[in-house]
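> Sequence first, then the predicted structure, then my questions.
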Amino acid sequence: MSSATTAAQTVRASPTEVTRSNTRLPDAAGDVGTADDTSPTTTVLVASPSRLIVRSLTAGLLDLGIGRVMQVGSVERADEVIAGSVVGDLALVSVTFGPPVVRLIQGLCRIGWRRVIALIPTADPGTLAGALEAGATGVLVSGYATYSATDPPADPANVRNLSRRERDVIRLVAEGRSNRLIGQDLLLSSMTVKAHLARITRKLGAGDRAQIVAIAIRAGIID
């Protein structure tokens, strides 16, 4: 067995699992990532049909020190979590899944997730009430639930003003990496990465990581 294989194990659960020590953070479509063999103390499920939202929330959670993030990008994969009785500490579920979200929230509560939070794009009373009636322990009204390919494109001039290093940072953000992991890849400190991200958000007029990635995809910086 090679030293690389010894140092990391392959995560083979249906939802993608990400830990802070991962060397590659996969997308939300179900690609398999690598994780070390430590036992993380906190498990968070991020479930949304938007790859941008999943990537952005994952990176933010890892930055906060969350030990393990499970990424789910479809109703089918969320159903697999429920059917397999995979249980953790916090489930963040986007209502943009549509009508199936009620069943998903109910299922996650039933199998024993400690907290199930519904991500909703607006404080519409009907949406709030529906999430709570389904059994959600709380709701989060967030712009995370609204970013899509229909957002206005970035100013081409602003995109051209990005430095090569800033483009490298954006590509790693799109992979869901935390500031610490981006710094490791680029041989930078976490504070330097944070400074790069601050300049990137100013240049692109973005509000957070999800918008940075959305703009970069539409501008052709990343696939």
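Sure thing, it's come through.
> tell me which element the closest residue to residue 209 other than its chain neighbours is part of?
Leaving aside its chain neighbours, residue 209 sits nearest to residue 56 (4.1 Å; criterion: C-beta to C-beta, 6 or more residues apart in numbering). (Glycine included, C-beta is placed from N, CA and C.) Element membership of residue 56, judged by DSSP states H and E, is helix 51-63.
> which is the next helix or strand following that helix?
Once the chain leaves helix 51-63, the next helix or strand it forms, by DSSP H and E, is strand 68-72.
> rewinding a little: mind checking how far the residue nearest to residue 209 is from residue 67?
Look at residue 56 and residue 67: by C-beta to C-beta, to the nearest Å, they are 19 Å apart.
> which of the two has more neighbours?
Residue environment comparison for residue 56 versus residue 67 gives the larger neighbour count to residue 56, 25 against 18, counting by other C-beta atoms under 10 Å.
> is it true that the more buried one touches residue 214?
No. No contact is recorded between residue 56 and residue 214 when judged using C-beta atoms under 8 Å, the distance being 9.2 Å.
> Thought residue 204 was touching residue 212, still the case?
Yes. The pair residue 212 and residue 204 qualifies as a contact (C-beta under 8 Å) at a distance of 6.3 Å.
> In terms of pLDDT, where does the residue nearest to residue 87 when sequence neighbours are not counted sit?
With C-beta to C-beta, 6+ apart as the measure, residue 112 is the residue that lies nearest to residue 87, at 4.6 Å, once sequence neighbours are left out. Per-residue confidence for residue 112 comes out at a pLDDT of 95.
> and residue 112, how far is that from residue 46?
Here residue 112 is placed at a distance of 18 Å from residue 46 (C-beta to C-beta).
> More neighbours: which of the two?
Under the criterion of other C-beta under 10 Å, the comparison of residue 112 against residue 46 puts residue 46 first, with 29 against 10.
> who's in contact with residue 197?
By C-beta atoms under 8 Å, 6 or more residues apart in numbering, the residues touching residue 197 are 169, 173, 179, 209, 212.
> nearest to residue 63, of those?
If you rank those by distance to residue 63 using C-beta to C-beta, residue 179 comes first, at 5.7 Å.
> so that closest one sits right up against residue 190, yeah?
Yes. Using C-beta under 8 Å, residue 179 is in contact with residue 190, at 4.6 Å.
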